[in-house]
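*Asks:* Provided below for reference: sequence and predicted model.
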Amino acid sequence: MKEPDSSTVFAGLDGRADAQLPTWYGRNTDVSEPVSFAEAIRALPRAIDTTVAYKNPCTGEWVETERFNAIVEPSRLREQAHADDVDGNNGDSEQTDPLFHIPSDSYTILNPQTVYGPLEEVLRGRDLDGTPIADLVFGEIRQYRSGGEVHMDIMVDGLKVTLSDDRDREPITMGVTSGYDFFGGHAVYVEGFARDGACSNSIRALTDKQIVKHVGDIRDFREWWERILAQLDLVANDLIGFIEDAQAIDLDFTELPFSVEEFYELLDFPAYLAERAAEDALANATDPFVLDLWTLHSGATYALTHFFRGREGASLDEYVRVANDILFNPEGTVERVERAYEERVAAAEEGEQGTLGGECGLARIEEVSDDLHASVQQFEDREEALRARFQAAAE
């Protein structure tokens, strides 16, 4: 992903917590003394609204309007005013612009403390196996566009998934990813998230994205967070089942008309990501010709976590959905690959480059799809049960 303007690593809920970063996480950061979550949230830029005016070009006068408000950062307004005084009202070109956005008067400002303060309250009252979650929470907060756009990973050390076939492997740690912006582009959102400690891969969008828009009355965020954390407990219990099922389903690339790298390209990964995903999948495969779906999924998340060149948000979300389908919807993944390969064959035929090999390739994919169909009923049953529990938790 594109580098953020700044990032903050945190451990512990507040200054009272006895918290340290997990060893596996600390190895991947150069932060020796992380701040607490409460400190990190309170250090984020805030927003207030102020009056907007437009200049009448006929009179040269400024006319105020109540139809729009300027969303601005208050501490930067003070810095700007101080700079104007010092510089004789000339301003300071090096000051960060306090203006975020000029929305309509229906825009509701949701500041970080408004959203994440209730999360602190919810976490403070919980424990995991007798240890207060206040001592176990950790993660990272990333700021973009001068702090007007924020994304964060919030994890709980010990809320984990351990693969049964490898007890010495670092666990997969569960949490949420959340964020917002003051530009009207991102509503406040949160969704299930996990970090694979063995390779630092981020597994995103493990639950449906929950959204609160910057419109209307401010909702009860404490209740919102209670429901989300209840869903997260369910995901932790079920993720191991999805992974173990995926480990039992292989794709034999000696029987398929494309390579591992082409597999990712047929899923619409750009070439640079497909190459990185294939490298990782092949490096971790027991057999370089027969790869299970968990290994293929891990290759995709490796590429997205460490090499994606776009921004967090919508540009990343589509690739995350494709990667997650490898794990959660294997039949749909193979069907998507089959359609893409069929389009490739059709394009080659239109260019008078079609061959019998293309038709044979389609037949081989169809055989794999038929074989896979008999193996994926457990995925559908598990997903249906998980969604039913999500609904029950939400209610």
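*Replies:* Here it is on my side, so go on. Note that the structure is a prediction, hence the values are computed from the model and not measured.
*Asks:* Give me the longest strand you can find in this protein.
*Replies:* Longest strand in the chain by number of residues (criterion: DSSP state E): strand 149-161.
*Asks:* Next, the buried residues of stretch 289-300.
*Replies:* 291, 292, 293, 294, 295, 296, 297, 298, 299, 300 (16 or more other Cβ atoms under 10 Å). C-beta coordinates here come from the backbone N, C-alpha and C atoms, glycine included.
*Asks:* and the fourth one, what element?
*Replies:* The secondary structure element spanning residue 294 is helix 293-307 (assigned by DSSP states H and E).
*Asks:* Counting by contacts, list what that helix packs against.
*Replies:* strand 201-203, helix 221-247, strand 250-252, helix 260-266, helix 271-284, helix 314-328 (3 or more Cβ pairs under 8 Å, 6 or more residues apart in numbering; DSSP states H and E).
*Asks:* Give me the angle between the second one and strand 149-161.
*Replies:* Interaxial angle of helix 221-247 relative to strand 149-161 (axes from the mean of the first three to the mean of the last three Cα atoms, to 10 degrees): 60 degrees.
*Asks:* packing partners for helix 221-247?
*Replies:* Using 3+ Cβ pairs under 8 Å, 6+ apart, helix 221-247 is in contact with helix 112-124, strand 149-161, strand 172-181, strand 188-196, strand 210-212, helix 293-307, helix 314-328, helix 377-394.
*Asks:* could I get the ones you listed as TSV with mean pLDDT?
*Replies:* Listed next are the helices and strands packed on helix 221-247 as TSV, based on pLDDT from 0 to 100:
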stretch	mean pLDDT
helix 112-124	95
strand 149-161	94
strand 172-181	95
strand 188-196	93
strand 210-212	88
helix 293-307	96
helix 314-328	92
helix 377-394	63
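*Asks:* Residue 26: which of the buried residues of stretch 289-300 is nearest?
*Replies:* residue 298 (21.9 Å; Cβ to Cβ).
*Asks:* I'd guessed the closest one sits against residue 194; true?
*Replies:* No: under the criterion of Cβ atoms under 8 Å, residue 298 makes no contact with residue 194, lying 11.8 Å away.
*Asks:* how close does residue 109 get to residue 177?
*Replies:* 22 Å (Cβ to Cβ, to the nearest Å).
*Asks:* more crowded one of these two?
*Replies:* residue 177 (24 against 17; other Cβ atoms under 10 Å).
*Asks:* What ranges does the stretch 1-150 of the chain have for its strands?
*Replies:* Using DSSP state E, counting those that start in this stretch, the strands of the stretch 1-150 of the chain run over residues 6-11, 48-55, 62-72, 99-101, 127-128, 131-132, 137-144, 149-161.
*Asks:* No further questions, thank you.
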